[in-house]
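Generate coordinates for the sequence data below:
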Amino acid sequence: QVQLVESGGGSVQAGGSLRLSCAASVRIFSNVRAAWFRQAPGQERAFVASIQWNAGITDYADSVKGRFTISRDNAKNTLYLQMNVLKPEDTAIYYCAADFGRGYGAWGQGTQVTVSS
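The predicted model follows:
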């Protein structure tokens, strides 16, 4: 079973940047879609961004378009989320997930991102 481990969270002031990483324990193949989700206190988990692993086709939530960039490193089996121009409303626990063809069945443990105004 694949394991996903996030890192890179932290605290930053509004307008700042952070880069999240998600390392997979197995080699990721082309038919995988990887994604980032986030969950703010008192809210449901929400989609942030996704990428088709081999093709590199990306998708973003409207709230992060133009500020966040999802990418992957095939050689390192690692997923990234570059977050720029962070806002207090971006504060949440961020999770990476992988869809091997049957929905997002693999999840990381989450990493906290806190943006202060």
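
got a list of what the residue lying closest to Q109 once chain neighbours are set aside touches?
With sequence-adjacent residues excluded and distances taken as CB to CB, 6 or more residues apart in numbering, Q109 is closest to E6, at 6.7 Å. C-beta here means a position set from N, CA and C on the backbone, and glycine is covered the same way. For E6, the set of contacting residues under the criterion of CB atoms under 8 Å, 6 or more residues apart in numbering consists of 20-22, 94-96, 108-111.

could I get those as a markdown table with pLDDT and secondary structure?
A markdown table is the format used below for the contacts of E6 (pLDDT from 0 to 100; DSSP: H, G, I helix; E, B strand; the rest coil):
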| residue | pLDDT | secondary structure |
| --- | --- | --- |
| L20 | 98 | strand |
| S21 | 98 | strand |
| C22 | 97 | strand |
| Y94 | 98 | strand |
| Y95 | 98 | strand |
| C96 | 97 | strand |
| G108 | 96 | coil |
| Q109 | 96 | coil |
| G110 | 97 | coil |
| T111 | 97 | strand |
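
so which of those comes closest to K76?
Distance ranking of these against K76, using CB to CB, places S21 first at 9.0 Å.

Out of the contacts of E6, who's the most crowded?
Among those, the one with the most neighbours (other CB atoms under 10 Å) is C96, at 29 neighbours.

Let me see the contact set for the residue nearest to it when sequence neighbours are not counted.
Excluding its sequence neighbours, the residue lying closest to C96 (CB to CB, 6+ apart) is C22, at 3.4 Å. Taking CB under 8 Å, 6+ apart as the contact definition, C22 lies against 4-7, 34, 36, 78-81, 96, 108.
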